[in-house]
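Q: Here's a sequence, model it:
(4 chains)
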Number of protein chains: 2
Amino acid sequence: MKPKIEDVAKVAGVSPTTVSRVLNNRGYIGEKTRKKVHKAMEQLNYFPNEVARSLFIKKTFLIGLIFPTTSNPFYGQLIFHLENIAASQGYKVLLCNSQGREDKEKNYLKMLQRNQVDGIIAGAHNKGIEEYEIPNLPVVGVDRYLSNKIPVVSSDNYLGGKQATQLLIDKGCKNIIHINGPISLETPANLRRKAYEDVMRANQLTPLTYEIDDHFTIIKQLFEENPQVEGIFASDDLIASRVMREAKDRNINIPTDLKVVGYDGTETTRLLLPELSTVQQPIKEIAEKAIELLVKQMDDKDDDIQLETILPGKLIEGETTGD
Amino acid sequence: MKPKIEDVAKVAGVSPTTVSRVLNNRGYIGEKTRKKVHKAMEQLNYFPNEVARSLFIKKTFLIGLIFPTTSNPFYGQLIFHLENIAASQGYKVLLCNSQGREDKEKNYLKMLQRNQVDGIIAGAHNKGIEEYEIPNLPVVGVDRYLSNKIPVVSSDNYLGGKQATQLLIDKGCKNIIHINGPISLETPANLRRKAYEDVMRANQLTPLTYEIDDHFTIIKQLFEENPQVEGIFASDDLIASRVMREAKDRNINIPTDLKVVGYDGTETTRLLLPELSTVQQPIKEIAEKAIELLVKQMDDKDDDIQLETILPGKLIEGETTGD
DNA sequence: AATTATATGTCAACCGGTTGACATATAAAA
DNA sequence: TTTTATATGTCAACCGGTTGACATATAATT
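A: Just a heads-up that it's a prediction; the model follows:
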């Protein structure tokens, strides 16, 4: 019922080989013939079957994206750019939301291999680190170290962490606390914490880091245990937002009594919380670089592929750190 | 180089037909043979080629999702749920961000047909309305009327608009303005405006609606042209956020001088702007229903498919409408 | 006139997996 | 002993499209 090449050939009055020649613009083709074939395709509403074609050419033009969720502003924006750039280069994107679960991540990896994807870009939780080392399959990590053979792209987390901490110090804060995710995750974002600690020590100040859990209850605890806190550097904007909310609930004035800096600076955050000082990640550039590295590996040019790409973010000073 | 069934057969010491029988659990299979085959698959790191299989069984288990962007909180969350539910039922998701562009939307439709997807869920801008009426291809619309033959799922926009407007009236507002997107888009969200207008007239109040553009400049204009405005019902939370920001810049106190209600109530918005009163859409339920309707069509049971599904939202009263 | 280029057709193998029909051998049940 | 069930193998066609080799016919160039 669905038209195939044979059907197009019959309607156009040519051979199936000629239709294939027209489809692929290969060999000699007369203009009259070409027009007849295109007209027949339109008339039949014929679409070449990419499944059959992929089987033969051994290429699917599929890229698998494995990230925790599209529901988070950072990942949502990153995935948007990745899909957009991939599509503009003729690739199709298979979306895999791993929800930070190792079992789902592994299942997605298997699914992507069964579906013969041309490459994978991943920025999800990972424990069993070897799963990503698939022979002859290009992989790029975003904000995650997947293997010492897999290129990774991230923002300059150290510099960002440094800038955020330095801003709070420059604004007069001495009692500064950092909130980050679990350090057990192998992510370049851990450098934000490292930078915070280094800058604090360089200024003869005592670093103190809280590890966030899923329910932000640690924030209440932070305020209870440190009523004298003057500055908070949160390792992402959602955490920063909860900090601000908790502070408001406790009648702590921002920025007079407490200064806050976040991280990510996504479009959504900048729209919903424009007053937040933050380190804005170069999300579009990260996406561009990730696709570039992936395509480079696909083209079998992985001799000179740089393993780590660090792209600079931008410190945005908002009202939450004072004027 | 990549192992195929023949290779697995050789290592296991059986025939390729037996390997296929094991893969598909079809026909008689001895337990010892089954174990030998599985061991060989593991040893060779063999993954069945779903491309070859799809060609034969004429099913790809692919679902195409066409939405404007993953970068928007509502779409990001909706796409997250859609992918999650699809994956749990063995489907794979092809992500298509149309960015509200008709040309991209059409290209994605073609791409999805070429790639033999089993179905499409779309919630994007649409003009050329016939493109979605593809013979024998299940399609479901979310928040978009795609055709009078294609089922659509949405929240109860009318009730939500009614609740939002009524809340502002109940809080004492008489001068209430509504901000919505372009009415030329065929979307059930237009019912939010209809409800606003109906409720205003039912209360002997004069409705006034502003159509948002891409740059929110209309919001400045709204305040300039209506300095006496007391309540604003924005048809999504991002617009509401900008309204609040503009009010703050003009030293208009929320909620004392101006009450604001938004729409969507996504996780991200609730986290970044918890004080906002909003009508929360049942995003997860919308996703569940959309997948259910799509799978129903795939199973060729579209005799009794309901064409319109309206799911109730929930009015959340926050601080932006007073106590 | 001879040679080369253009245009289209025929044929068959291939891409990897599925599957039905039928064959053969062994084991279990009647 | 006969019949039925279990287990595995062989074979080939199919899914839709690609493509090279070669054939035939016509047109253009030398």
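Q: Any figure for the gap between the spatially most central residue of chain A and chain B?
A: Central residue of chain A (CA atoms, centre = their mean): A:L78, 4.2 Å from the mean position. Remark: distance between A:L78 and chain B (CB to the nearest CB, to the nearest Å) = 9 Å. Just so you know, the C-beta spots here come from the backbone N, C-alpha and C atoms, and that holds for glycine as well.
Q: tell me the angle of the one helix or strand that residue maps to relative to helix B:73-88?
A: Taking DSSP states H and E as the definition, A:L78 sits inside helix A:73-88. Inter-element angle recorded for helix A:73-88 and helix B:73-88: 70 degrees (by axes from the mean of the first three to the mean of the last three CA atoms, to 10 degrees).
Q: what's downstream of helix A:73-88, the next helix or strand?
A: With DSSP H and E, the next secondary element past helix A:73-88 is strand A:92-97.
Q: follow-up on the earlier one: does the residue nearest to the centre of chain A touch A:E285 like I think?
A: No. Look at A:L78 against A:E285 with CB atoms under 8 Å: they stay out of range, at 10.8 Å.
Q: show me what contacts the residue nearest to the centre of chain A?
A: A:67, A:123, A:142, A:283, A:286-287 (CB atoms under 8 Å, 6 or more residues apart in numbering or on different chains).
Q: So A:F216 versus chain B, what's the distance?
A: Taken as CB to the nearest CB, the span from A:F216 to chain B is 9 Å.
Q: Now that residue: closest residue in space that isn't a chain neighbour?
A: A:R242 (4.8 Å; CB to CB, 6 or more residues apart in numbering or on different chains).
Q: Out of the contacts of A:L78, list just those in helices.
A: A:283, A:286-287 (DSSP state H).
Q: Can you classify A:G262 as helix, strand or coil?
A: Following DSSP: H, G, I helix; E, B strand; the rest coil, A:G262 is assigned to strand.
Q: does it have beta-bridge partners, and which?
A: According to DSSP bridges, the partner residues bridging A:G262 are A:T278.
Q: A:I310: which element?
A: strand A:308-311.
Q: Can you list the strands that that strand pairs with?
A: Strand pairing (DSSP bridges) places strand A:308-311 next to strand A:152-155 (parallel).
Q: Which residues does the next helix or strand after the strand it pairs with contact?
A: Counting by DSSP H and E, the next helix or strand C-terminal to strand A:152-155 is helix A:157-170. Applying CB under 8 Å, 6+ apart, the external contacts of helix A:157-170 come out as A:176, A:178, A:188-196, A:198-200, A:203, A:205, A:230-231, A:233, A:259, A:261, A:263, A:277, A:279, A:281, A:310, A:312-313, A:315, A:317, A:321.
Q: next helix or strand past helix A:157-170?
A: Counting by DSSP H and E, what follows helix A:157-170 is strand A:176-180.
Q: helices and strands around that next one, which ones?
A: Packing partners of strand A:176-180 (3 or more CB pairs under 8 Å, 6 or more residues apart in numbering or on different chains; DSSP states H and E): helix A:157-170, helix A:190-202, strand A:209-211, helix A:217-225, strand A:231-234.
Q: For the third one, buried residues please.
A: To tie it back to what came earlier, the one meant is strand A:209-211. Residues of strand A:209-211 classed as buried by neighbour count (16 or more other CB atoms under 10 Å in any protein chain shown): A:209-210.
Q: Kindly report the same for stretch A:112-130.
A: A:112-113, A:115-126.
Q: next one: stretch A:169-176
A: Quick answer for stretch A:169-176 (16+ other CB under 10 Å): A:169, A:171, A:173, A:175-176.
Q: Quick check: the farthest pair among these?
A: Largest separation among these by CB to CB: A:K171 and A:N175, giving 12.4 Å.
Q: what sits in contact with each of these two?
A: A:G231.
Q: Pretty sure A:R270 sits in a helix.
A: Yes. Assignment of A:R270 by three-state DSSP places it within a helix.
Q: what about it, how many residues close to it?
A: By the criterion of other CB atoms under 10 Å in any protein chain shown, A:R270 has 18 neighbours.
Q: can you check A:M244 too?
A: 24.
Q: Against DNA strand D, how distant is it?
A: 56 Å (CB to the nearest atom of the strand, to the nearest Å).
Q: got it, and A:H81?
A: Distance of A:H81 to DNA strand D, computed by CB to the nearest atom of the strand: 30 Å.
Q: Can you pull the residues of chain A lying near DNA strand C?
A: A:13-15, A:17-18, A:21, A:27-33, A:52, A:55-56, A:58 (CB under 7 Å from any atom of the strand).
Q: how about 10 Å then?
A: A:9, A:12-22, A:26-37, A:51-58, A:114, A:116 (CB under 10 Å from any atom of the strand).
Q: DNA strand D next: which of the residues you listed are close?
A: A:9, A:15-22, A:26-28, A:51-57.
Q: Tell me where chain A is predicted with low confidence.
A: For chain A, residues meeting the criterion pLDDT under 70 lie at A:125-129, A:184, A:302.
Q: Tell me the residues of chain A that contact DNA strand D?
A: Counting by CB under 10 Å from any atom of the strand, chain A sits next to DNA strand D at A:1-9, A:15-28, A:41, A:46-57.
Q: cutoff 6 Å now
A: Within chain A, the residues that sit near DNA strand D (CB under 6 Å from any atom of the strand) are A:4-5, A:16-17, A:20, A:23-24, A:26, A:48-49, A:52-53, A:55-57.
Q: got the phi/psi numbers for the residue nearest to A:F216?
A: Main-chain dihedrals, A:R242, degrees, to the nearest 10: phi -70, psi -30.
Q: Restricted to buried residues, select the ones next to DNA strand D among the residues of chain A next to DNA strand C in PyMOL.
A: Those of those that count as buried under 16+ other CB under 10 Å are selected in PyMOL with:
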select buried, chain A and resi 9+18+19+20+21+22+51+52+53+54+55
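Q: Within reach of chain B, which of the ones next to DNA strand D among the residues of chain A next to DNA strand C are there?
A: A:51-52, A:54-55 (CB under 8 Å from any CB of the partner chain).
Q: circling back: could you give the angle of the helix holding A:L78 to strand B:92-97?
A: Using the same axes, to 10 degrees: helix A:73-88 against strand B:92-97 is 90 degrees.
Q: Many thanks, have a good one.
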